[in-house]
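Undergrad: have a look at this fold, sequence not included:
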């Protein structure tokens, strides 16, 4: 993620304060699964950029749900309802792969580096002060990934 | 990944670099045996930028007394580049508010009305028509974002030139355009509004460092944690509570 030194001092101070309030994952209690080799794995993307299809219900401020993004989405059908003004949209506006690297995943698949690309990807709205509010959405997304035959999810944090 | 906030894959239009970021992340699946954090070792290709970015489209110096006509004039000048960008990229991010690009005049009418004091309770009467997709007052935030999207996509339409950093873009908008003056006037309306819960939204419109006052987001009431404060005013901002 971005270096704190690259942020405005007020914003960096806010980030430091927020991080100090985060809970930490108990690694001892976290199940570890060894996935199939990459060349046999189907990968999906999970973006926290609050991206969604133009006709989807937009993410509202504080929304802890998720939206589905078809792998073959028309790029012009992709919009973003993240409220923060403090992150860089200029590159995303030029190239969606900066936050949702669907084209890059397909290039890795054509090269045989990964086994497949999920038919659906997932989008949430980051910057929530309380990660526990995402638990229901995370469980539902995990079930959907199983149905889709996904072996690994790549979280693309924004 | 040591890239600017909002750019987890580094830079636009650089497939080789983006693939390298992806490979580096995915390969952890084959090497890690427990939860693992590894720093990506490379800087984004434009990390230091070459020269100072400047808008290639010359806009007239805006006058506060003619803010609406100044914004509309800017949009008239920018629209051909916006349409060019839309054609060449096959996409546009305009439309978060619910308005279409053909309804941009209503988007401007909305923002001008709010800047002139129409309030934050109801959609301004001059802005009827679009299928607005958010409730007041948070809709103001997305109306602003659509105007920014139009400006940003227009001035980055030249695929051969380096896109500006977010700070360069903010600096251009807030120091050189009528849109920046419009956004500051909306922020002033928020500041002057009776309901202090609205102040949080000022920070969604004015980035830190570009508001001539206290923090763009305003303060947190004494004795309240930032998280609890945000949680308490969220229903008001999304229109679920008056």
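TA: Thanks, I have it. Note that the structure is predicted; figures quoted are calculated from it, not measured.

Undergrad: so is the helix or strand harbouring residue B:18 next to chain A?
TA: Taking DSSP states H and E as the definition, residue B:18 sits inside helix B:15-31. Yes - using CB under 8 Å from any CB of the partner chain, helix B:15-31 reaches chain A at B:15, B:18-19, B:22-23, B:25-27, B:29-30. The C-beta positions use only the backbone N, C-alpha and C, and glycine is treated the same way.

Undergrad: nearest residue to whatever residue of chain A ends up closest to chain B other than its sequence neighbours?
TA: Ranked by CB to the nearest CB, the top residue of chain A for proximity to chain B is residue A:87, at 3.1 Å. Counting by CB to CB, 6 or more residues apart in numbering or on different chains, residue A:87 lies nearest to residue B:6, which is 3.1 Å off, once chain neighbours are set aside.

Undergrad: what's the neighbour count on the one you found?
TA: If you count neighbours by other CB atoms under 10 Å in any protein chain shown, residue B:6 ends up with 21.

Undergrad: for it, what are its contacts?
TA: By CB atoms under 8 Å, 6 or more residues apart in numbering or on different chains, the residues touching residue B:6 are A:49, A:87-89, A:91-92, A:99, A:158, B:166.

Undergrad: and if we set it to 7 Å?
TA: A:87-89, A:92, A:158, B:166 (CB atoms under 7 Å, 6 or more residues apart in numbering or on different chains).

Undergrad: where in chain A is pLDDT low?
TA: A:1-2, A:21-25, A:27, A:129 (pLDDT under 70).

Undergrad: tell me where it has helices.
TA: For chain A, the helices defined by DSSP state H occupy A:9-21, A:90-94, A:102-110, A:135-148.

Undergrad: identify the residues contacting the lengthiest helix in chain B?
TA: With DSSP H setting the assignment, residue counts place helix B:67-89 as the longest helix in chain B. Helix B:67-89 is touched from outside by A:94, B:57, B:59-60, B:62-63, B:92, B:104, B:108, B:112, B:150-151, B:153-157, B:159, B:177-179, B:181-182, with contacts defined as CB under 7 Å, 6+ apart.

Undergrad: try 8 Å
TA: Under CB under 8 Å, 6+ apart, the answer for helix B:67-89 is A:75-76, A:94-95, B:57, B:59-60, B:62-63, B:92, B:94, B:101, B:104-105, B:108, B:111-112, B:115, B:150-151, B:153-157, B:159, B:177-179, B:181-182, B:185.

Undergrad: go ahead and build a PyMOL selection from the buried members of those residues.
TA: Remark: buried members of these, expressed as a PyMOL selection using 16 or more other CB atoms under 10 Å in any protein chain shown:
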select buried, (chain A and resi 75+94+95) or (chain B and resi 59+62+92+94+101+104+108+111+112+115+150+151+153+154+155+156+157+177+178+179+181+182+185)
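
Undergrad: before we move on, the earlier item: average pLDDT for the longest helix of chain B?
TA: In this model, helix B:67-89 has a mean pLDDT of 95.

Undergrad: contacting residues for residue B:221?
TA: Listed by CB under 8 Å, 6+ apart, the contact partners of residue B:221 are residue B:229.

Undergrad: touching chain A at all, stretch B:181-194?
TA: No - applying CB under 8 Å from any CB, one finds stretch B:181-194 separated from chain A by no less than 9.5 Å.

Undergrad: distance from that stretch to the middle of the chain?
TA: With CA atoms, centre = their mean, to the nearest Å as the basis, stretch B:181-194 stands 16 Å off its chain's centre.

Undergrad: buried sites along it?
TA: B:181-190, B:193.

Undergrad: quick one: residue A:39 and residue A:111 touch, right?
TA: No - judged on CB atoms under 8 Å, residue A:39 makes no contact with residue A:111 at a distance of 9.7 Å.

Undergrad: one step back: relative to chain A, which of the buried residues of stretch B:181-194 is nearest.
TA: residue B:183 (9.5 Å).

Undergrad: what strand or helix carries the closest one?
TA: helix B:178-192.

Undergrad: please pick the buried ones from the residues of helix B:15-31 next to chain A.
TA: Buried members of the residues of helix B:15-31 next to chain A, scored by 16+ other CB under 10 Å, are B:18-19, B:22, B:25-26, B:29.

Undergrad: how many other residues sit next to residue B:212?
TA: 8.

Undergrad: then residue A:45?
TA: Residue A:45: 24 surrounding residues under other CB under 10 Å.

Undergrad: that one and residue B:35, how far apart?
TA: 20 Å (CB to CB, to the nearest Å).
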